[in-house]
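Chemist: no sequence for this one, just the structure:
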Ligand code: NZQ
Ligand code: ZN
(Lines give C-alpha, C1' and ligand atoms only; values in the text may rest on other atoms or scores of the structure.)
(Ligands and ions follow the chains in the order given, each with its own letter.)
Protein backbone atom coordinates (compact mmCIF):
# COMPACT_ATOMS: atom_id res chain seq x y z
CA UNK A 1 0.00 0.00 0.00
CA UNK A 2 1.27 3.48 -0.81
CA UNK A 3 1.44 6.35 1.69
CA UNK A 4 -1.67 8.51 1.76
CA UNK A 5 -3.55 11.35 3.44
CA UNK A 6 -7.25 10.92 3.94
CA UNK A 7 -9.29 14.01 4.77
CA UNK A 8 -13.05 14.18 4.48
CA UNK A 9 -14.94 16.70 6.61
CA UNK A 10 -18.43 16.33 5.07
CA UNK A 11 -21.25 15.59 7.52
CA UNK A 12 -23.59 13.03 5.93
CA UNK A 13 -27.26 13.19 6.94
CA UNK A 14 -28.82 10.06 5.47
CA UNK A 15 -32.37 8.77 5.42
CA UNK A 16 -36.01 9.58 4.83
CA UNK A 17 -37.93 12.57 6.17
CA UNK A 18 -34.85 14.48 7.24
CA UNK A 19 -35.30 17.65 5.17
CA UNK A 20 -36.74 19.35 8.26
CA UNK A 21 -33.29 19.10 9.85
CA UNK A 22 -31.95 21.66 7.39
CA UNK A 23 -32.84 24.29 9.94
CA UNK A 24 -30.07 23.08 12.20
CA UNK A 25 -27.63 22.34 9.37
CA UNK A 26 -27.68 25.69 7.56
CA UNK A 27 -26.06 28.36 9.80
CA UNK A 28 -28.81 30.39 11.47
CA UNK A 29 -27.85 33.90 10.43
CA UNK A 30 -26.53 33.06 6.99
CA UNK A 31 -27.98 34.76 3.93
CA UNK A 32 -28.41 31.62 1.84
CA UNK A 33 -28.46 31.13 -1.93
CA UNK A 34 -30.28 27.96 -3.01
CA UNK A 35 -28.97 26.68 -6.37
CA UNK A 36 -30.79 24.17 -8.54
CA UNK A 37 -31.06 22.80 -12.07
CA UNK A 38 -33.64 22.91 -14.84
CA UNK A 39 -36.68 22.63 -12.62
CA UNK A 40 -37.11 19.05 -11.36
CA UNK A 41 -36.82 20.28 -7.77
CA UNK A 42 -39.70 22.69 -8.35
CA UNK A 43 -41.81 20.17 -10.24
CA UNK A 44 -41.55 17.51 -7.55
CA UNK A 45 -41.92 19.82 -4.56
CA UNK A 46 -38.44 19.47 -3.08
CA UNK A 47 -37.71 23.19 -3.27
CA UNK A 48 -40.94 24.05 -1.45
CA UNK A 49 -40.11 21.60 1.32
CA UNK A 50 -36.65 23.09 1.67
CA UNK A 51 -37.98 26.63 1.90
CA UNK A 52 -40.49 25.50 4.52
CA UNK A 53 -37.69 23.84 6.46
CA UNK A 54 -35.80 27.15 6.62
CA UNK A 55 -38.27 29.63 8.16
CA UNK A 56 -37.31 33.20 8.99
CA UNK A 57 -34.22 33.10 6.83
CA UNK A 58 -32.94 35.34 4.11
CA UNK A 59 -33.17 32.99 1.14
CA UNK A 60 -32.30 33.64 -2.51
CA UNK A 61 -32.65 31.30 -5.47
CA UNK A 62 -30.58 30.62 -8.56
CA UNK A 63 -32.11 28.10 -10.98
CA UNK A 64 -31.12 26.90 -14.42
CA UNK A 65 -27.83 25.11 -13.81
CA UNK A 66 -27.72 22.77 -16.78
CA UNK A 67 -26.38 19.18 -16.96
CA UNK A 68 -22.61 19.50 -17.47
CA UNK A 69 -22.72 22.95 -15.85
CA UNK A 70 -21.37 25.82 -17.87
CA UNK A 71 -18.87 28.38 -16.67
CA UNK A 72 -20.98 31.18 -18.20
CA UNK A 73 -24.12 30.13 -16.28
CA UNK A 74 -22.22 29.74 -13.03
CA UNK A 75 -20.65 33.18 -13.34
CA UNK A 76 -24.19 34.63 -13.20
CA UNK A 77 -24.61 32.92 -9.83
CA UNK A 78 -21.22 34.28 -8.76
CA UNK A 79 -22.37 37.82 -9.64
CA UNK A 80 -25.53 37.30 -7.61
CA UNK A 81 -23.66 35.88 -4.63
CA UNK A 82 -21.29 38.87 -4.64
CA UNK A 83 -23.99 41.46 -5.23
CA UNK A 84 -26.19 40.09 -2.45
CA UNK A 85 -23.32 39.34 -0.04
CA UNK A 86 -24.41 35.74 0.29
CA UNK A 87 -22.96 33.77 3.23
CA UNK A 88 -23.95 30.19 2.44
CA UNK A 89 -24.74 28.13 -0.69
CA UNK A 90 -27.23 25.26 -0.73
CA UNK A 91 -27.10 22.98 -3.80
CA UNK A 92 -30.24 20.99 -4.52
CA UNK A 93 -29.84 18.50 -7.35
CA UNK A 94 -27.49 16.01 -8.97
CA UNK A 95 -23.80 16.15 -9.80
CA UNK A 96 -24.16 19.12 -12.12
CA UNK A 97 -25.79 21.34 -9.50
CA UNK A 98 -23.40 20.21 -6.76
CA UNK A 99 -20.33 20.71 -8.97
CA UNK A 100 -21.63 24.05 -10.19
CA UNK A 101 -22.24 25.20 -6.61
CA UNK A 102 -18.71 24.22 -5.59
CA UNK A 103 -17.40 26.35 -8.43
CA UNK A 104 -19.59 29.28 -7.35
CA UNK A 105 -18.26 28.84 -3.81
CA UNK A 106 -14.67 29.10 -5.01
CA UNK A 107 -15.15 31.80 -7.64
CA UNK A 108 -17.20 34.16 -5.46
CA UNK A 109 -14.33 34.82 -3.09
CA UNK A 110 -11.57 34.53 -5.71
CA UNK A 111 -10.08 37.85 -6.71
CA UNK A 112 -8.29 36.72 -9.88
CA UNK A 113 -9.75 35.72 -13.24
CA UNK A 114 -12.29 32.97 -12.50
CA UNK A 115 -11.50 31.24 -15.82
CA UNK A 116 -8.04 30.46 -14.51
CA UNK A 117 -9.66 28.18 -11.89
CA UNK A 118 -10.32 25.78 -14.77
CA UNK A 119 -6.66 25.28 -15.57
CA UNK A 120 -5.37 23.26 -12.62
CA UNK A 121 -6.53 19.74 -13.50
CA UNK A 122 -6.36 17.39 -10.52
CA UNK A 123 -4.20 19.84 -8.52
CA UNK A 124 -5.96 22.03 -5.95
CA UNK A 125 -6.83 25.48 -7.28
CA UNK A 126 -4.78 28.28 -5.68
CA UNK A 127 -7.33 29.72 -3.24
CA UNK A 128 -7.26 30.34 0.50
CA UNK A 129 -10.99 30.36 1.11
CA UNK A 130 -14.44 29.75 -0.41
CA UNK A 131 -18.06 30.29 0.55
CA UNK A 132 -19.33 27.40 2.69
CA UNK A 133 -21.85 25.09 1.01
CA UNK A 134 -24.23 22.23 1.74
CA UNK A 135 -26.05 19.88 -0.60
CA UNK A 136 -29.38 18.09 -0.88
CA UNK A 137 -28.82 15.22 -3.30
CA UNK A 138 -31.52 14.24 -5.79
CA UNK A 139 -29.46 11.96 -8.06
CA UNK A 140 -27.05 9.32 -6.73
CA UNK A 141 -24.14 9.06 -9.16
CA UNK A 142 -21.14 11.32 -8.99
CA UNK A 143 -20.16 11.25 -5.31
CA UNK A 144 -19.85 15.04 -5.52
CA UNK A 145 -21.78 15.24 -2.23
CA UNK A 146 -18.77 13.95 -0.30
CA UNK A 147 -15.74 15.02 -2.28
CA UNK A 148 -13.96 18.24 -3.11
CA UNK A 149 -14.13 18.10 -6.90
CA UNK A 150 -16.30 19.42 -9.67
CA UNK A 151 -16.28 19.32 -13.47
CA UNK A 152 -17.08 22.54 -15.31
CA UNK A 153 -17.85 22.86 -19.03
CA UNK A 154 -16.37 25.75 -20.97
CA UNK A 155 -15.71 26.40 -24.66
CA UNK A 156 -16.07 22.79 -25.79
CA UNK A 157 -14.09 21.23 -22.92
CA UNK A 158 -14.80 19.78 -19.46
CA UNK A 159 -12.41 20.89 -16.73
CA UNK A 160 -11.88 19.36 -13.28
CA UNK A 161 -11.74 21.83 -10.39
CA UNK A 162 -10.49 20.63 -6.99
CA UNK A 163 -10.04 22.37 -3.66
CA UNK A 164 -10.15 21.26 -0.03
CA UNK A 165 -12.32 24.38 0.49
CA UNK A 166 -15.10 22.97 -1.67
CA UNK A 167 -16.01 19.95 0.44
CA UNK A 168 -19.67 20.36 1.37
CA UNK A 169 -20.15 21.14 5.06
CA UNK A 170 -23.03 18.69 5.00
CA UNK A 171 -24.89 16.59 2.46
CA UNK A 172 -28.44 15.48 3.00
CA UNK A 173 -29.09 12.15 1.29
CA UNK A 174 -32.75 11.16 1.25
CA UNK A 175 -33.26 8.16 -1.06
CA UNK A 176 -36.96 9.02 -1.46
CA UNK A 177 -35.93 12.19 -3.35
CA UNK A 178 -34.60 9.89 -6.11
CA UNK A 179 -37.97 8.18 -6.76
CA UNK A 180 -38.86 10.76 -9.43
CA UNK A 181 -35.73 10.17 -11.51
CA UNK A 182 -36.23 9.02 -15.09
CA UNK A 183 -34.93 5.43 -15.51
CA UNK A 184 -32.17 6.59 -17.82
CA UNK A 185 -30.71 8.86 -15.10
CA UNK A 186 -30.85 6.07 -12.53
CA UNK A 187 -28.95 3.82 -14.96
CA UNK A 188 -26.40 6.60 -15.59
CA UNK A 189 -25.91 6.88 -11.85
CA UNK A 190 -25.36 3.15 -11.32
CA UNK A 191 -22.79 3.10 -14.12
CA UNK A 192 -21.02 6.24 -12.89
CA UNK A 193 -20.62 4.73 -9.40
CA UNK A 194 -19.51 1.41 -10.92
CA UNK A 195 -16.84 3.07 -13.08
CA UNK A 196 -15.59 5.31 -10.25
CA UNK A 197 -15.03 2.10 -8.31
CA UNK A 198 -13.24 0.15 -11.04
CA UNK A 199 -11.01 3.11 -11.90
CA UNK A 200 -9.59 2.82 -8.40
CA UNK A 201 -9.58 -0.99 -8.33
CA UNK A 202 -8.86 -2.55 -11.76
CA UNK A 203 -5.36 -1.07 -11.91
CA UNK A 204 -2.17 -2.77 -10.77
CA UNK A 205 -1.87 -4.82 -7.56
CA UNK A 206 -0.67 -2.83 -4.54
CA UNK A 207 -1.75 -4.90 -1.54
CA UNK A 208 -4.54 -2.54 -0.60
CA UNK A 209 -6.67 -5.39 0.72
CA UNK A 210 -9.17 -3.18 2.53
CA UNK A 211 -9.54 -0.94 -0.53
CA UNK A 212 -9.97 -3.96 -2.82
CA UNK A 213 -12.52 -5.74 -0.64
CA UNK A 214 -14.47 -2.50 -0.17
CA UNK A 215 -14.43 -1.81 -3.91
CA UNK A 216 -15.64 -5.36 -4.55
CA UNK A 217 -18.43 -4.83 -2.02
CA UNK A 218 -19.59 -1.71 -3.84
CA UNK A 219 -19.45 -3.43 -7.24
CA UNK A 220 -21.31 -6.53 -6.05
CA UNK A 221 -23.97 -4.37 -4.39
CA UNK A 222 -24.48 -2.34 -7.57
CA UNK A 223 -24.83 -5.56 -9.57
CA UNK A 224 -27.32 -6.96 -7.04
CA UNK A 225 -29.53 -3.90 -6.82
CA UNK A 226 -29.05 -2.31 -10.26
CA UNK A 227 -32.00 -3.85 -12.05
CA UNK A 228 -34.20 -3.61 -8.95
CA UNK A 229 -33.69 0.15 -8.64
CA UNK A 230 -35.07 0.47 -12.17
CA UNK A 231 -37.88 -2.08 -11.94
CA UNK A 232 -39.08 -0.88 -8.54
CA UNK A 233 -38.51 2.90 -8.45
CA UNK A 234 -39.97 3.26 -4.95
CA UNK A 235 -38.08 0.35 -3.41
CA UNK A 236 -36.49 2.30 -0.55
CA UNK A 237 -33.76 -0.17 0.31
CA UNK A 238 -32.63 -0.54 -3.28
CA UNK A 239 -32.43 3.25 -3.68
CA UNK A 240 -30.75 3.67 -0.29
CA UNK A 241 -28.08 1.14 -1.17
CA UNK A 242 -27.49 2.76 -4.55
CA UNK A 243 -27.15 6.15 -2.91
CA UNK A 244 -24.64 5.03 -0.29
CA UNK A 245 -22.63 3.06 -2.88
CA UNK A 246 -22.42 6.12 -5.13
CA UNK A 247 -21.17 8.30 -2.26
CA UNK A 248 -18.54 5.81 -1.14
CA UNK A 249 -17.33 5.13 -4.67
CA UNK A 250 -15.84 8.62 -4.83
CA UNK A 251 -15.29 10.03 -1.35
CA UNK A 252 -11.60 9.13 -1.25
CA UNK A 253 -11.93 5.97 0.83
CA UNK A 254 -11.34 3.23 -1.75
CA UNK A 255 -8.76 5.26 -3.67
CA UNK A 256 -6.50 6.02 -0.71
CA UNK A 257 -3.11 4.33 -0.96
CA UNK A 258 -3.77 2.53 -4.25
CA UNK A 259 -3.06 3.36 -7.91
CA UNK A 260 -5.85 5.09 -9.84
CA UNK A 261 -6.59 5.11 -13.56
CA UNK A 262 -8.96 7.83 -14.77
CA UNK A 263 -8.65 7.03 -18.50
CA UNK A 264 -12.34 6.20 -18.87
CA UNK A 265 -13.41 9.49 -17.33
CA UNK A 266 -10.94 11.63 -19.23
CA UNK A 267 -11.89 10.25 -22.66
CA UNK A 268 -15.54 10.16 -21.56
CA UNK A 269 -15.52 13.88 -20.78
CA UNK A 270 -14.44 14.59 -24.37
CA UNK A 271 -17.31 12.44 -25.69
CA UNK A 272 -19.77 14.46 -23.62
CA UNK A 273 -18.27 17.78 -24.70
CA UNK A 274 -18.20 16.86 -28.40
CA UNK A 275 -21.32 14.76 -28.85
CA UNK A 276 -23.51 15.59 -25.84
CA UNK A 277 -23.62 11.97 -24.63
CA UNK A 278 -24.58 11.73 -20.92
CA UNK A 279 -21.59 11.29 -18.59
CA UNK A 280 -22.62 7.80 -17.39
CA UNK A 281 -23.23 6.58 -20.93
CA UNK A 282 -19.78 7.63 -22.14
CA UNK A 283 -18.30 5.45 -19.41
CA UNK A 284 -20.40 2.42 -20.40
CA UNK A 285 -19.15 2.79 -23.97
CA UNK A 286 -15.48 3.11 -23.10
CA UNK A 287 -14.81 0.78 -20.16
CA UNK A 288 -15.14 -2.58 -21.98
CA UNK A 289 -12.91 -1.27 -24.80
CA UNK A 290 -10.26 0.07 -22.43
CA UNK A 291 -9.99 -3.29 -20.66
CA UNK A 292 -9.83 -5.10 -24.00
CA UNK A 293 -6.97 -2.92 -25.25
CA UNK A 294 -5.12 -2.89 -21.90
CA UNK A 295 -5.59 -6.50 -20.78
CA UNK A 296 -1.85 -7.04 -20.58
CA UNK A 297 -1.20 -4.15 -18.15
CA UNK A 298 -4.25 -4.94 -16.01
CA UNK A 299 -4.08 -8.75 -16.19
CA UNK A 300 -3.79 -9.45 -12.45
CA UNK A 301 -6.53 -7.10 -11.33
CA UNK A 302 -8.83 -8.13 -14.18
CA UNK A 303 -8.46 -11.76 -13.05
CA UNK A 304 -9.20 -10.72 -9.46
CA UNK A 305 -12.23 -8.76 -10.71
CA UNK A 306 -13.45 -11.78 -12.70
CA UNK A 307 -13.14 -14.12 -9.73
CA UNK A 308 -14.30 -11.94 -6.86
CA UNK A 309 -16.93 -9.75 -8.51
CA UNK A 310 -18.37 -12.06 -11.17
CA UNK A 311 -17.53 -15.44 -9.57
CA UNK A 312 -15.84 -16.62 -12.77
CA UNK A 313 -13.56 -19.43 -11.63
CA UNK A 314 -13.17 -21.73 -14.61
CA UNK A 315 -11.32 -21.39 -17.91
CA UNK A 316 -7.85 -20.09 -18.71
CA UNK A 317 -6.78 -16.55 -17.86
CA UNK A 318 -7.67 -15.17 -21.28
CA UNK A 319 -11.18 -16.56 -21.34
CA UNK A 320 -11.90 -15.48 -17.73
CA UNK A 321 -10.92 -11.91 -18.56
CA UNK A 322 -12.97 -11.91 -21.75
CA UNK A 323 -15.92 -13.33 -19.85
CA UNK A 324 -15.65 -10.62 -17.15
CA UNK A 325 -15.58 -7.87 -19.78
CA UNK A 326 -18.63 -9.41 -21.49
CA UNK A 327 -20.48 -9.65 -18.18
CA UNK A 328 -19.72 -5.98 -17.47
CA UNK A 329 -21.07 -4.90 -20.84
CA UNK A 330 -24.15 -7.08 -20.39
CA UNK A 331 -24.79 -5.48 -17.00
CA UNK A 332 -24.78 -1.99 -18.52
CA UNK A 333 -27.01 -3.10 -21.40
CA UNK A 334 -29.41 -4.77 -18.95
CA UNK A 335 -29.81 -1.35 -17.33
CA UNK A 336 -30.94 -0.05 -20.72
CA UNK A 337 -27.68 1.71 -21.59
CA UNK A 338 -26.19 1.15 -25.02
CA UNK A 339 -22.47 0.52 -25.07
CA UNK A 340 -21.29 1.46 -28.58
CA UNK A 341 -20.55 4.87 -30.06
CA UNK A 342 -22.62 4.00 -33.12
CA UNK A 343 -25.67 3.63 -30.86
CA UNK A 344 -25.34 7.39 -30.24
CA UNK A 345 -24.83 8.29 -33.91
CA UNK A 346 -21.06 8.76 -33.66
CA UNK A 347 -19.31 7.59 -36.83
CA UNK A 348 -15.68 6.72 -37.47
CA UNK A 349 -14.94 10.00 -39.25
CA UNK A 350 -15.58 11.90 -35.98
CA UNK A 351 -12.99 10.03 -33.92
CA UNK A 352 -10.11 12.35 -34.83
CA UNK A 353 -12.03 15.20 -33.20
CA UNK A 354 -11.80 13.31 -29.92
CA UNK A 355 -8.06 12.78 -30.38
CA UNK A 356 -7.59 16.47 -31.18
CA UNK A 357 -9.51 17.44 -28.04
CA UNK A 358 -7.49 15.05 -25.85
CA UNK A 359 -4.33 16.55 -27.30
CA UNK A 360 -5.54 20.12 -26.76
CA UNK A 361 -6.35 19.32 -23.11
CA UNK A 362 -2.98 17.69 -22.47
CA UNK A 363 -4.50 14.22 -22.02
CA UNK A 364 -1.76 12.41 -23.90
CA UNK A 365 -0.40 10.09 -21.19
CA UNK A 366 -3.41 8.71 -19.34
CA UNK A 367 -3.86 5.77 -16.95
CA UNK A 368 -2.13 4.52 -13.80
CA UNK A 369 1.10 4.19 -15.79
CA UNK A 370 0.80 7.08 -18.24
CA UNK A 371 0.89 4.65 -21.18
CA UNK A 372 -2.41 5.63 -22.75
CA UNK A 373 -1.03 7.85 -25.47
CA UNK A 374 -3.14 9.38 -28.21
CA UNK A 375 -2.38 6.28 -30.29
CA UNK A 376 -3.79 4.00 -27.58
CA UNK A 377 -6.84 6.29 -27.15
CA UNK A 378 -7.41 6.04 -30.90
CA UNK A 379 -7.44 2.23 -30.69
CA UNK A 380 -9.86 2.37 -27.74
CA UNK A 381 -12.20 4.65 -29.67
CA UNK A 382 -12.04 2.52 -32.82
CA UNK A 383 -13.13 -0.64 -31.04
CA UNK A 384 -15.85 1.34 -29.23
CA UNK A 385 -17.68 2.05 -32.47
O1 LIG B 1 -31.89 19.92 -13.99
P2 LIG B 1 -33.05 19.21 -13.38
O3 LIG B 1 -34.37 19.70 -13.84
O4 LIG B 1 -32.96 19.13 -11.88
O5 LIG B 1 -33.00 17.69 -13.94
C6 LIG B 1 -31.88 16.86 -13.75
C7 LIG B 1 -31.01 16.71 -14.99
O8 LIG B 1 -31.73 16.95 -16.16
C9 LIG B 1 -32.40 15.45 -13.53
N10 LIG B 1 -32.72 15.16 -12.14
C11 LIG B 1 -31.88 15.24 -11.07
N12 LIG B 1 -32.51 14.80 -9.97
C13 LIG B 1 -33.77 14.46 -10.33
C14 LIG B 1 -33.91 14.70 -11.71
N15 LIG B 1 -35.04 14.43 -12.38
C16 LIG B 1 -36.09 13.93 -11.66
N17 LIG B 1 -36.02 13.67 -10.34
C18 LIG B 1 -34.89 13.91 -9.64
N19 LIG B 1 -34.80 13.58 -8.34
O20 LIG B 1 -31.33 14.62 -13.95
C21 LIG B 1 -30.63 15.24 -15.01
C22 LIG B 1 -29.16 15.00 -14.89
O23 LIG B 1 -28.63 15.65 -13.75
P24 LIG B 1 -27.06 15.84 -13.55
O25 LIG B 1 -26.85 16.53 -12.26
O26 LIG B 1 -26.45 16.43 -14.76
O27 LIG B 1 -26.53 14.32 -13.46
P28 LIG B 1 -25.35 13.67 -12.67
O29 LIG B 1 -25.63 13.59 -11.21
O30 LIG B 1 -25.07 12.41 -13.39
O31 LIG B 1 -24.13 14.69 -12.84
C32 LIG B 1 -23.33 14.70 -13.99
C33 LIG B 1 -22.24 15.76 -13.86
O34 LIG B 1 -21.34 15.44 -12.79
C35 LIG B 1 -19.99 15.44 -13.28
C36 LIG B 1 -20.16 15.06 -14.72
O37 LIG B 1 -19.03 15.35 -15.50
C38 LIG B 1 -21.38 15.86 -15.11
O39 LIG B 1 -21.04 17.18 -15.40
N40 LIG B 1 -19.15 14.57 -12.44
C41 LIG B 1 -18.78 15.03 -11.22
C42 LIG B 1 -17.94 14.32 -10.39
C43 LIG B 1 -17.54 14.81 -9.06
N44 LIG B 1 -17.88 16.02 -8.69
O45 LIG B 1 -16.87 14.12 -8.30
C46 LIG B 1 -17.38 13.03 -10.79
C47 LIG B 1 -18.08 12.42 -11.95
O48 LIG B 1 -17.21 11.50 -12.54
C49 LIG B 1 -18.57 13.37 -12.98
O50 LIG B 1 -17.54 13.73 -13.89
ZN1 ZN C 1 -18.13 9.89 -13.19
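Modeler: Nice, I can see it. Note that the structure is predicted; figures quoted are calculated from it, not measured. Ligands and ions are numbered 1, 2, ... in the order given.

Chemist: Please, where are all the strands along the stretch 1-150 of the chain?
Modeler: Along the stretch 1-150 of the chain, counting by DSSP state E, counting those that start in this stretch, strands occupy 11-14, 32-36, 59-62, 88-93, 133-137, 149-154.

Chemist: so how far is ligand 1 from residue 128?
Modeler: According to C-beta to the nearest ligand atom, to the nearest Å, residue 128 and ligand 1 sit 22 Å apart. The C-beta positions use only the backbone N, C-alpha and C, and glycine is treated the same way.

Chemist: per-residue confidence at that residue?
Modeler: The confidence metric pLDDT takes the value 96 at residue 128.

Chemist: Phi and psi next, for it.
Modeler: The phi and psi values for residue 128, taken as degrees, to the nearest 10, are phi -110, psi -10.

Chemist: ok, now which ones touch the residue lying closest to it once chain neighbours are set aside?
Modeler: Using C-beta to C-beta, 6 or more residues apart in numbering and skipping the chain neighbours, the partner closest in space to residue 128 is residue 165 (7.9 Å). Counting by C-beta atoms under 8 Å, 6 or more residues apart in numbering, residue 165 makes contact with 105-106, 127-130, 148.

Chemist: how far away is the most centrally placed residue in the chain from residue 284?
Modeler: Closest to where the C-alpha atoms of the chain average out (C-alpha atoms, centre = their mean) is residue 142, at 2.4 Å. Distance of residue 142 to residue 284, computed by C-beta to C-beta, to the nearest Å: 15 Å.

Chemist: Likewise for residue 133?
Modeler: 30 Å.

Chemist: Can you give me the domain assignment for the chain?
Modeler: Using automatic domain parsing, the domain parsing of the chain gives 11-177, 183-383.

Chemist: Which one, of these, ends up nearest to residue 5?
Modeler: Comparing these against residue 5 with C-beta to C-beta, the closest turns out to be domain 183-383 (8.0 Å).

Chemist: need the contact list for residue 38.
Modeler: 63-67.

Chemist: mind showing which ranges of this structure have poor pLDDT?
Modeler: Scanning the chain for pLDDT under 70 picks out nothing.

Chemist: Flag every residue of it that's near ligand 1.
Modeler: Residues of the chain lying close to ligand 1 (C-beta under 6 Å from any ligand atom) are 37-41, 44, 67-68, 93-97, 99, 138-139, 141-144, 147, 149-151, 158, 177-178, 180-181, 185, 188, 192, 250, 265, 279.

Chemist: of those, buried ones?
Modeler: By neighbour count, with 16 or more other C-beta atoms under 10 Å, those hold 37, 40-41, 67-68, 93-97, 99, 138-139, 141-144, 147, 149-151, 158, 177-178, 180-181, 185, 188, 192, 250, 265, 279 as buried.

Chemist: Pull the contacting residues for the residue nearest to residue 67 when sequence neighbours are not counted.
Modeler: In space, residue 67 comes closest to residue 96 once its chain neighbours are excluded; the distance is 4.9 Å by C-beta to C-beta, 6+ apart. Counting by C-beta under 8 Å, 6+ apart, residue 96 touches 37, 65-69.

Chemist: returning to what we had before: may I see the strands of the stretch 1-150 of the chain arranged in CSV, with distance to residue 259 as well?
Modeler: Formatted as CSV, the strands of the stretch 1-150 of the chain follow (distance: least, C-beta to C-beta, whole Å):
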stretch, distance to residue 259
strand 11-14, 27
strand 32-36, 35
strand 59-62, 39
strand 88-93, 31
strand 133-137, 29
strand 149-154, 18
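
Chemist: Out of those strands, which gets nearest to residue 334?
Modeler: That would be strand 133-137 among these, by C-beta to C-beta, at 24.9 Å.

Chemist: Quick check: buried residues in the longest helix anywhere in the chain?
Modeler: In the chain, with assignment by DSSP state H, the single longest helix is helix 209-231. Across helix 209-231, burial judged by 16+ other C-beta under 10 Å covers 211-212, 214-219, 221-223, 225-227, 229-230.

Chemist: before we move on, what about stretch 7-18?
Modeler: By neighbour count on 16+ other C-beta under 10 Å, the buried set for stretch 7-18 is 10, 12-13, 18.

Chemist: quick one on the thing from earlier: select only the buried ones of the contacts of residue 165 in ChimeraX?
Modeler: Applying 16+ other C-beta under 10 Å to those, the buried members can be selected in ChimeraX as follows:
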select :105,106,127,130,148
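
Chemist: With respect to ligand 1, which of the contacts of residue 165 is nearest?
Modeler: Ligand 1 lies nearest to residue 148 out of the contacts of residue 165, by C-beta to the nearest ligand atom, at 8.5 Å.

Chemist: isn't the closest one right next to residue 161, touching?
Modeler: No. Judged on C-beta atoms under 8 Å, residue 148 makes no contact with residue 161 at a distance of 9.3 Å.

Chemist: So what's the gap between stretch 26-36 and the chain middle?
Modeler: Taking the mean of its C-alpha atoms, stretch 26-36 sits 24 Å from the chain's own mean (C-alpha atoms, centre = their mean, to the nearest Å).

Chemist: Same question for it: list its buried residues.
Modeler: Within stretch 26-36, the residues that qualify as buried are 26, 30, 32-36, counting by 16+ other C-beta under 10 Å.

Chemist: Tell me the one of those residues nearest ligand 1?
Modeler: Nearest to ligand 1 among the buried residues of stretch 26-36, with distances taken as C-beta to the nearest ligand atom, is residue 36, at 6.2 Å.

Chemist: Report the contact partners of the closest one.
Modeler: Shown in contact with residue 36 (C-beta under 8 Å, 6+ apart): 42, 47, 61-63, 65, 91-93, 97.

Chemist: ranges for the helices of this structure?
Modeler: For the chain, the helices defined by DSSP H cover 22-25, 40-43, 46-53, 71-83, 95-109, 183-198, 209-231, 236-249, 263-275, 279-293, 295-310, 317-334, 351-360, 374-383.

Chemist: and of these, who's closest to residue 1?
Modeler: Once the helices of the chain are compared by C-beta to C-beta, helix 209-231 is nearest, at 7.8 Å.
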